[in-house]
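quick one, structure for this:
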Amino acid sequence: MKLHCDVEVVSRHLPCLGLRNRGKGVRAVLSVCQQTPDCRAQSGAGGKRGSAHPAFLLVATLKDKRGTSYELKDNIEQFFTKFMDEGKATVRLKKPPVDICVSKANSSALKCFLSALRLAHKGCDVDAQLSTPTPVKTSEFEKFKTKMAITSKKDYPLSKNFPYSLEHLQASNCELVRVDMRMLCLKNLRKLDLSHNHIKKLPATIGDLIHLQVLNLNNNRLESFSVALCQSTLQKSLRSLDLSKNKIRALPVQFCQLQELTDLKLDDNELIRFPFKIGQLTNLRFLSAARNKIPFLPSEFKNLSLEYLDLFGNTFEQPKFLPVIKLQLPLTLLESSARTILYKRLPYDSHLIPFHLCQDLDTAKICVCGRFCLNSFIQGTATMNLHSIAHTVVLIDKMGGTEAPVTSYFCSLACYVNSSDTLK
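Sure thing, here's the model as predicted:
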């Protein structure tokens, strides 16, 4: 029986000598072993196998693959299992006087392993669960790596899979033209860095990485960020997204469903607009979209609360004096129905109404009064000082400006007139 975990062996004599333990475990393989048949023959012991050849605990690390052994029969003073559900436990031995501190273990495997230790301590026969004391292979430690960094094409693994326990994976400067499907099997992945490659499209299955918090796609050839990704489990996990130095012209309105985002980088793309519901990203604190082609900011941009904002080098236009009027009176049946569905928050999907109508509802504009409008509206522009939504603002141009044009929509003439003093 084996257990893969982090281990720290702490001598209880250290405090007496005025010394401290390191306080940090190393990756190890714990085994409950029995003596080999050769050793048994040499010992000449008889009786029951469980009592004549007691089991022992073998602690093997990458530096000591043969491991250090500890007797178990009548040699365990105490078990500390308060945090066993978190993969942590401590086994206190009598001789030598050490504490074997276990962490980062699978909780189910840890429970089974401690049960085997209890049986061995009592001298019970547990041969069915025991292994022979053989040196641990290096590959056993590699299987449980949590971090891997690949920074060149020649180092990229082609003939073997990635360790399934990886939490951080970097594969930069590897000339990848697509996301390796083997990466999408790494269910523990929290950080994925695929920067400086040639990736043109992202598979929707990236959304199956339920723990993914950081995604770095800087300096690739992406042209879009799909709706499927925006509606995946990334909605609940993704915190940081770097799409800088790609060829993205627009992000879908569903992008604003990634509501756990705190850090978003969109520099050096070909963006012509932000998603107009960007104000729904209530957790966003760092936004950088320098050197794009954005002429106006959406009205919901005012709802953001940022610590850092960089919009330098965009093609902001001067607000237009005359509004764009697209009012339809009386309202069409489509417009009236859409406004009612959205105002009353009625559920809808492609199983209930045609798909193109779902798209229309998803992209409906929000009036300054809070109501919705589809095709009947007045569009006006105003300027906004970016310091009103961000603590730190990078100047939007070389002239020292911090004011940017904002587009606003009005569902009726009355709403427009009431807000006309804020428009130019």
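
got a pLDDT number for the residue nearest the centre of the chain?
The structure's the chain has its C-alpha centroid closest to Gln213; by CA atoms, centre = their mean the separation is 1.6 Å. Gln213 is assigned a predicted lDDT (pLDDT) of 96.

quick one, phi/psi of it?
Comment: the main-chain dihedrals of Gln213 come out as phi -110, psi -30, following degrees, to the nearest 10.

cool, and Ser107?
phi -60, psi -40.

wait, doesn't it sit right on Met84?
Yes - using CB atoms under 8 Å, Ser107 is in contact with Met84, at 6.4 Å. C-betas here are computed from N, CA, C, even on glycine.

the more surrounded of those two?
In terms of neighbours (other CB atoms under 10 Å), Met84 is the more surrounded of Ser107 and Met84; the figures are 16 against 13.

so what's the residue nearest to that one when sequence neighbours are not counted up against?
Take Met84 and drop its neighbours on the chain: the residue closest to it by CB to CB, 6 or more residues apart in numbering is Leu110, 6.0 Å away. Residues counted as contacts of Leu110 (CB atoms under 8 Å, 6 or more residues apart in numbering) are Leu3, Cys5, Met84, Gly87, Ala89, Val102.

and Leu110, that's in a helix?
Yes - counting by DSSP: H, G, I helix; E, B strand; the rest coil, Leu110 falls inside a helix.

mind giving me the packing neighbours of the host helix or strand of Leu334?
Element membership of Leu334, judged by DSSP states H and E, is helix 333-343. Here helix 333-343 is seen to pack against helix 355-362, strand 372-373 when contacts are counted using 3 or more CB pairs under 8 Å, 6 or more residues apart in numbering; DSSP states H and E.

point out where the stretch 201-350 of the chain drops to low pLDDT.
320-322 (pLDDT under 70).

which parts of the stretch 51-200 of the chain are helices?
107-121, 138-142 (DSSP state H, counting those that start in this stretch).

returning to what we had before: in this structure the residue nearest to the centre of the chain contacts Ser240, no?
Yes - at 6.8 Å, Gln213 counts as touching Ser240 under the criterion of CB under 8 Å.

any buried residues in stretch 287-298, and which?
Within stretch 287-298, the residues scored as buried using 16 or more other CB atoms under 10 Å are Leu287, Ser288, Ala289, Ala290, Arg291, Asn292, Ile294, Phe296, Leu297, Pro298.

equivalent analysis for stretch 89-96, please.
Ala89, Thr90, Val91, Arg92, Leu93.

and this protein, what are its domains?
Residue ranges for each domain of the chain read 1-11+69-130, 144-270, 324-422, as given by automatic domain parsing.
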